[in-house]
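> show me how the following folds:
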Amino acid sequence: MSKPVAVVGTRERRVPVAGWRVVTRLAAGLGLGLALGACSTIGSGPAGGGVIGSDPVPAPKIALGDRWVYQGLDGESGDPVSLERVVTRVSGDLIQLRQRGLDSRGRPVPGERLRSMSRTTLSLDVPGKVSGQMRYADFPLALGKSWDYRYQLSGRSDSVTTYRVGARVDGLERITVPAGVFDALRIEHLGGWDTPVLVNGVVGALSGKISATFWYAPSVNGWARLDLTLYRPDGSVQTRLQQELVSYQPAKR
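Okay, the predicted model is just below:
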């Protein structure tokens, strides 16, 4: 019997690995860089000093020079990795970030890139995005708020994988990460991916699930932690990522 050959979003015959690798890079971008968003109705202060109130959280207020450092595992190799992101431009809803890797001593390594992000959804640009928007947040945030989003990412040879996700502000939680202890809003994202495949000349589809949790900490103006899991079509785990905040340095206002 012939093995299924992916028509969209794949680099292997059996499962859409290209789609997974794109989402893995997306996940790394999420956890290691979407650390942006201040709130005027929520208390701020040093690590662990933020107090989440009952009012909805408004869209972020970002300043030039704000800096975050995250650590986690590389989505492809599994090696430890640290990234620094610094705000280099703010223009309306658009925020530009300088991203570069750091070595084990916290020193910049050769190579950097500029990335853009939406202020109102914390959507980070991802190579290969064909359509839609990855709405990691939906300000104003409030307990119980939910939203759905859909996007498409391209693989090799103009292939495309479709992702459909539902998100919900699920609760308040105190978490501990290398940067300290933080009160955070927990945002759950649950959804799936699908990609067409060709089996014996007949077009079918492969699909799998995605789950992610973001902990948004007002006292550091962004994510304190991210957990993401990608699943194969048979339900087994393909990739599990965790990214945590190491340090946060706001620019002088």
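> the closest residue in space to Asp74 that isn't next to it in sequence pairs with what?
With sequence-adjacent residues excluded and distances taken as CB to CB, 6 or more residues apart in numbering, Asp74 is closest to Val81, at 4.7 Å. Placement of C-beta: from N, CA and C, glycine included. With DSSP bridges as the criterion, Val81 is bridged to Gly72.
> give me the pLDDT for Val81.
Per-residue pLDDT puts Val81 at 88.
> and Gly235, what does it touch?
208-209 (CB atoms under 8 Å, 6 or more residues apart in numbering).
> one step back: and for the residue nearest to Asp74, the neighbour number?
Other residues within reach of Val81 by the criterion other CB atoms under 10 Å amount to 17.
> how about the one 5 residues further on?
Neighbouring residues of Val86 were enumerated by other CB under 10 Å; the total is 18.
> am I right that it falls within a helix?
No. Going by DSSP: H, G, I helix; E, B strand; the rest coil, the assignment for Val86 is strand, not a helix.
> so who does it touch?
Going by CB under 8 Å, 6+ apart, Val86 touches 65-67, 97-98.
> for it, give its distance to Asn221.
13 Å (CB to CB, to the nearest Å).
> got any residues that touch both of those two?
Residues touching both Val86 and Asn221 (CB under 8 Å, 6+ apart) are Asp66.
> just the contacts of Val86 now: which is nearest Pro108?
Arg98 (10.1 Å; CB to CB).
> residue ranges with poor pLDDT in the chain?
By pLDDT under 70, the weakly predicted segments of the chain are 1-52, 75-76, 156-158.
> how far away is the closest residue in space to Asp170 that isn't next to it in sequence from Val130?
Distance criterion CB to CB, 6+ apart; nearest residue to Asp170, sequence neighbours excluded, is Glu188 at 4.5 Å. Distance, Glu188 to Val130, using CB to CB: 26 Å.
> with Arg225 instead?
According to CB to CB, Arg225 and Val130 sit 29 Å apart.
> more neighbours: those two, which one.
In this view Arg225 and Val130 are compared by other CB under 10 Å, and Arg225 has more residues nearby, 25 against 13.
> check contacts around the closest residue to Gly101 other than its chain neighbours.
Spatial nearest neighbour of Gly101, chain neighbours left out: Val109 (4.5 Å); criterion: CB to CB, 6+ apart. When the contact criterion is CB under 8 Å, 6+ apart, the partners of Val109 are 100-103.
> so Val109 is in which element?
Assigned by DSSP states H and E, Val109 belongs to strand 108-118.
> just checking: what are the partner strands of whichever helix or strand comes after that strand?
The first helix or strand that comes after strand 108-118 along the chain, using DSSP H and E, is strand 129-132. Strand 129-132 sits in its sheet next to strand 146-154 (antiparallel), going by DSSP bridges.
> I would like the residues contacting the strand it pairs with, please.
9, 19, 22-23, 26, 126, 128-135, 138, 160-169.
> now do the next helix or strand after it against strand 146-154, angle only.
Note on strand 146-154: by DSSP H and E, the next helix or strand toward the C-terminus is strand 160-177. Angle, strand 160-177 to strand 146-154, by axes from the mean of the first three to the mean of the last three CA atoms, to 10 degrees: 130 degrees.
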